[in-house]
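Engineer: Got a predicted model here, sequence first, then my questions.
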Protein chains: 10
Amino acid sequence: MDKHLMRETILEAKRQKGVSWESLGKATGMSPVFICSACLGENSMELEQAKALAGALDLGDDIASILTEYPNKGQRAAEMITDPLVYRLNEVVMVYGETLKEVIQEKFGDGIMSAIDFTMDVDKQEDPKGDRVILTLNGKFLPYKRW
Amino acid sequence: MDKHLMRETILEAKRQKGVSWESLGKATGMSPVFICSACLGENSMELEQAKALAGALDLGDDIASILTEYPNKGQRAAEMITDPLVYRLNEVVMVYGETLKEVIQEKFGDGIMSAIDFTMDVDKQEDPKGDRVILTLNGKFLPYKRW
Amino acid sequence: MDKHLMRETILEAKRQKGVSWESLGKATGMSPVFICSACLGENSMELEQAKALAGALDLGDDIASILTEYPNKGQRAAEMITDPLVYRLNEVVMVYGETLKEVIQEKFGDGIMSAIDFTMDVDKQEDPKGDRVILTLNGKFLPYKRW
Amino acid sequence: MDKHLMRETILEAKRQKGVSWESLGKATGMSPVFICSACLGENSMELEQAKALAGALDLGDDIASILTEYPNKGQRAAEMITDPLVYRLNEVVMVYGETLKEVIQEKFGDGIMSAIDFTMDVDKQEDPKGDRVILTLNGKFLPYKRW
Amino acid sequence: MDKHLMRETILEAKRQKGVSWESLGKATGMSPVFICSACLGENSMELEQAKALAGALDLGDDIASILTEYPNKGQRAAEMITDPLVYRLNEVVMVYGETLKEVIQEKFGDGIMSAIDFTMDVDKQEDPKGDRVILTLNGKFLPYKRW
Amino acid sequence: MDKHLMRETILEAKRQKGVSWESLGKATGMSPVFICSACLGENSMELEQAKALAGALDLGDDIASILTEYPNKGQRAAEMITDPLVYRLNEVVMVYGETLKEVIQEKFGDGIMSAIDFTMDVDKQEDPKGDRVILTLNGKFLPYKRW
Amino acid sequence: MDKHLMRETILEAKRQKGVSWESLGKATGMSPVFICSACLGENSMELEQAKALAGALDLGDDIASILTEYPNKGQRAAEMITDPLVYRLNEVVMVYGETLKEVIQEKFGDGIMSAIDFTMDVDKQEDPKGDRVILTLNGKFLPYKRW
Amino acid sequence: MDKHLMRETILEAKRQKGVSWESLGKATGMSPVFICSACLGENSMELEQAKALAGALDLGDDIASILTEYPNKGQRAAEMITDPLVYRLNEVVMVYGETLKEVIQEKFGDGIMSAIDFTMDVDKQEDPKGDRVILTLNGKFLPYKRW
Amino acid sequence: MDKHLMRETILEAKRQKGVSWESLGKATGMSPVFICSACLGENSMELEQAKALAGALDLGDDIASILTEYPNKGQRAAEMITDPLVYRLNEVVMVYGETLKEVIQEKFGDGIMSAIDFTMDVDKQEDPKGDRVILTLNGKFLPYKRW
Amino acid sequence: MDKHLMRETILEAKRQKGVSWESLGKATGMSPVFICSACLGENSMELEQAKALAGALDLGDDIASILTEYPNKGQRAAEMITDPLVYRLNEVVMVYGETLKEVIQEKFGDGIMSAIDFTMDVDKQEDPKGDRVILTLNGKFLPYKRW
């Protein structure tokens, strides 16, 4: 059992049970984004979290155990970058990267937004002209150390 | 006068006047993120917007005129990608790209979040354990056409 | 059953039955280009479309079901780019990309042609000096948001 | 005088006179797409075409002469590929490249659509749900030689 | 049966029978270069050609059938480029590419040598100082369309 | 005076005098392909050759002297590869590289065609269906040493 | 005055005065590594730090002011990677990257060593068999957030 | 048995026994960093070292034997570079590479820090504001030979 | 049986018999470097050479036969380049490439050192300060043809 | 005065005086390869060496001073790699890299040939069948540390 087999097993169980990331989030008290990233093999869970998730999918302790292992992250980045949904996010970084640097530094000083002490949410804003996707990225500001 | 000279002129005027993107936003009724991206040469403004901005910086109509021209976008992407602040955003896409695809599609169906019919905000959330950067991306969902 | 096996199964069934994308289009009321892209694993179908297509090829509901899943797009881009037919299309973008930007923006303003709210047709124009391929790309214009 | 200076001179004259690629096309009997590509330095004109265009912009014979020289094509491809308008065209090739190979070969046999014996038009289709860009690519089919 | 298996089957049969591309060319009335490229999976044959070739190798109709399918071309380009024999050809393009553009355009006008309506021969010129390889590339000149 | 200035000077002189590579070849007894490659800065000449060429263009000894210097070769390869005329040659190597390896080795044994002890000619074959470009590459076969 | 001119000015002043990074560190109470990185344009200083450094080099307030600006980091990475001294550091990451991931995670859990809340020292360990370079990297451990 | 199978076998045995790199280091008298790198297939051990390690994991002589073979190093560099923990180390080289060159050369003269005559340690520094990772790189200085 | 299986078979036989490239060279009268490159699949042998080598390893005629086939060269270049031993050789070319061009051309004129009519030896020079590796590359000088 | 200007000044002085790297080596007691690499900006000299070289070229102390500065190495690697003389050296590494690893490790154990404690010579071996270039690389063997 490794992260790859874990991923396939979870996605198959999720399909068979007809549950959503949203409902798994409600059932386990975790964020759907976080759950999904762990199931795809890009994050690790605490053991209790992993057991709750495996339980919600009627999967066993071996799955829970692998969910707690520390993955190599970004393994599918090259494969996903051609997909239009993912490329648009990349395009935002290409077009607005320098702008975000200017605006974040103006508000916070020299430093970065952490991608580790970090959470993210996806919301749906209904709109008669077409619903909107709201992504909220929430990362701790880390000031550069001067020594 | 081209986008490159416009950019240098605006950044110098902003430095001389000691104004911020935030205050320029308040003075002109536009978003600081949008203003900054247009001044860096990554977005175009309506003529009235451009005149308002040039006015707020005591710059002339030639600057306003160039601000309305349609730029080639993403020109500084390669230069910015080595910067840690920008790389962290890129890392979010590398690590969470597939997750966002899963979660957005679950909520909206097959399609993408537009990076064109799109706005973005940067907020500061004060926190005793360290302030947090809140980025809100707001893009129209575009469903794939089947024909 | 995944998109890869679906693709192989459909291509084999199509070969066995000796049908064309054109005739599958007529039999199901969809565009041959769209059908082909979905069967190759680059688009998803509505369930009724998928059932109609599977039926036309005497394939079962498992194939129809996979046809409705949302694919990762562009997975074969690197493999196809060395092929002269595909490279020529890429060359058109290399040589005429800036021209199309100029001409589209002149006609529509600052924005893009959507590749999502998008259809495409392939036609044959008979010509004694050599038949001609007519590709018609039809995408919604999306103006950049200014905020 | 070289292609680069020619390009800058023509774009400046066009801006000063306030004419469009469309009106230049009408004034000279050529396609706006072709004119634009030649002025950007990606195509060459016949001498009479070049003189007509230079005349329409009140530019001299030196400009006409450079317009007839054979350019190195694709020189700005790397710079344009980050721009969203141009990337969307590239994305169409990434996502639909194999589909177009399948459909064109089904209709025409083994061969390619020429990008040399080739014309292209850009049209605007008005639509209450949002105007649409119609790109028509028209290239001679070239069958592979077997020898 | 696919192009890859076809390739292995043909190369094995050729080795077993001890025949050369040259003798296969004589036996079937086709060029050895063309035959070899089709057998490696880079070109397709007419059905009669394919049957003649399969016959000459005592292979069956399934091989002939696959030989008529339209291949994805250039699939082994990345693998072959490190080989000195192939790199030398690439080096000729690197060193003489601009020269050939100058000389071909001087003789023919603005346009290209087709790589589709194209044949190629390999000959041996005996020479006491060392035999010489003579490659003859023969491609139709295609003038750029101006429209 | 360096290779770059030499190149510009020669191309300008050639344009002013209205001579062709072909006529320069006849005037100096060298191949037009070789002359052109040396003038573009990709080959060096013997001193007598260089003086003959400079003389034919009414240029001085400084140009002749630079023509004899040993250039860095392939300096413009990246710039030329986007040009369709040059790409087609590259495509021939991509599509036929392995074929040429098979056929050359069958005729000559294990080794390569030299790109140093090498000449090349460009000829025009008139044809009512469209003139043809004939490129003849002539390189010494070099067998691999076994030691 | 920008970061590039600042860098040249500081390096020239340092050369003229014959001072070392080490002595600048002692004179200003900062780390030589930090000072050097700020002077090369890869870090920013507090205003008092910047004034102290400019003073130690007899440079003016304009230099101090630019030293406080927030730089784009990593701008010279591509140029430095061919240098053997820098490549060896990169090689350590290539060869020991996975090892460090294993060992750090074993000691600390799932997370990273910060490169922002980070200091570094260079020491010399004298050794009769050849002196040794001791690099000490000191970064805060950041645990992955689970949410 | 090859390095890949050795790696899988060792990692599985380590997991089964529930031992750490740290405790393996204590049991065998080697550095945990060195042991881990050898087990991952990036370093070779002396035979006695290898036997000690295999013994500590209750593995046989075949494992010990493979541990003494000389590996190809850096085989997983491309896979690990997307991981945030490893990227941060790479970022340190990107941001501080030129700084380290300046400071090392100032202290030692023209030369490099060896990555071969090299050791590395990972320590944990407890800190109420967050524990810190201390990496100590220790490499022999090698002066450039002048000859 | 192909080059890949041949390679594995030979390396296994060599390990079982406990022979070295050096002793295989002495047993067969060939250079250890040449033998090793052929066994790794980067060179071909004459039939007698191949039989002698296979005999020395108690391997059969099938191995000898594959050893005489002409390999695709450079197939493992991308895999080996991360290894420090191989990278150092690459670094020599990066650092001294232009120097070697200057010095070879000064001694020989415009041309190259052949990598085909080429031999190479590896020797050990014992030295109390550390043994030295002596690589001797011996290639025929090939002057550029002027035509 | 920087390394770039130093290089141009030295190459011009060498051309004016008509001296060779060989004769400069004799005049100064250094290796022609080392002198050339320092003059091209890829190595640094001791002050006495630098003064001797500058003297031999009738250049002043500013040149000698810059010759002693520590250069960034490998700055022209990308430009030189297209040149056939330099590519052949690279090809040797591509084709024989793994072979050299095998043979060097067999003779010396696990380690590398240093490219820092390293010298290189170029010799001419006269041969009626064509003179031969003899490159001798001489580098200290560095065994991997195990700790």
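Structural biologist: Good, I have the coordinates.
Engineer: just the angle between the longest helix seen in chain A and helix B:84-108, please?
Structural biologist: Longest helix in chain A, counting residues (DSSP state H): helix A:84-108. Helix A:84-108 and helix B:84-108 meet at an angle of 130 degrees, taking axes from the mean of the first three to the mean of the last three Cα atoms, to 10 degrees as the criterion.
Engineer: Helix A:84-108 near chain H anywhere?
Structural biologist: No: Helix A:84-108 is not in contact with chain H by Cβ under 8 Å from any Cβ of the partner chain; minimum separation 13.7 Å. C-beta: built from backbone N, CA, C; applies to glycine.
Engineer: Stretch A:61-78 too?
Structural biologist: Yes: against chain H, stretch A:61-78 shows contacts by Cβ under 8 Å from any Cβ at A:N72, A:K73, A:G74, A:Q75, A:A77.
Engineer: okay, and for chain A, where does confidence drop off?
Structural biologist: Applying pLDDT under 70 to chain A flags no residue at all.
Engineer: Okay, domains of it per the record?
Structural biologist: A:3-67, A:83-143 (automatic domain parsing).
Engineer: what about A:E12, neighbour count?
Structural biologist: 12 (other Cβ atoms under 10 Å in any protein chain shown).
Engineer: burial count for the closest residue to chain I within chain A?
Structural biologist: Nearest residue of chain A to chain I: A:A78, at 15.4 Å (Cβ to the nearest Cβ). For A:A78, the count of nearby residues is 12 (other Cβ under 10 Å).
Engineer: How about the one helix or strand it maps to and chain D, any contact?
Structural biologist: Assessed by DSSP states H and E, A:A78 sits inside helix A:77-80. No: judged by Cβ under 8 Å from any Cβ, helix A:77-80 makes no contact with chain D; its nearest approach is 12.9 Å.
Engineer: near chain B, anything from that helix?
Structural biologist: Yes: legend: contact between helix A:77-80 and chain B by Cβ under 8 Å from any Cβ is shown at A:A77, A:M80.
Engineer: For the nearest residue in space to A:A56 that is not next to it in sequence, identify the helix or strand it belongs to.
Structural biologist: Leaving aside its sequence neighbours, A:A56 sits nearest to A:A27 (Cβ to Cβ, 6 or more residues apart in numbering or on different chains; 4.7 Å). Using DSSP H and E, A:A27 sits in helix A:21-28.
Engineer: What are the buried residues along that helix?
Structural biologist: If you call a residue buried by 16 or more other Cβ atoms under 10 Å in any protein chain shown, then helix A:21-28 has these buried ones: A:W21, A:L24, A:G25, A:T28.
Engineer: quick one, it and helix B:84-108 angle?
Structural biologist: 100 degrees.
Engineer: who touches whichever residue of chain A sits closest to chain H in this structure?
Structural biologist: Relative to chain H, the nearest point of chain A is A:G74 (2.8 Å; Cβ to the nearest Cβ). Shown in contact with A:G74 (Cβ atoms under 8 Å, 6 or more residues apart in numbering or on different chains): A:E42, B:E91, B:M94, B:V95, H:T82, H:D83, H:P84.
Engineer: Please repeat the previous calculation with a cut-off of 6 Å.
Structural biologist: Neighbour list for A:G74: B:M94, B:V95, H:T82 [criterion: Cβ atoms under 6 Å, 6 or more residues apart in numbering or on different chains].
Engineer: these two touch, right, the last one and A:A77?
Structural biologist: Yes: the pair H:T82 / A:A77 is scored as a contact, 5.4 Å apart, by Cβ atoms under 6 Å.
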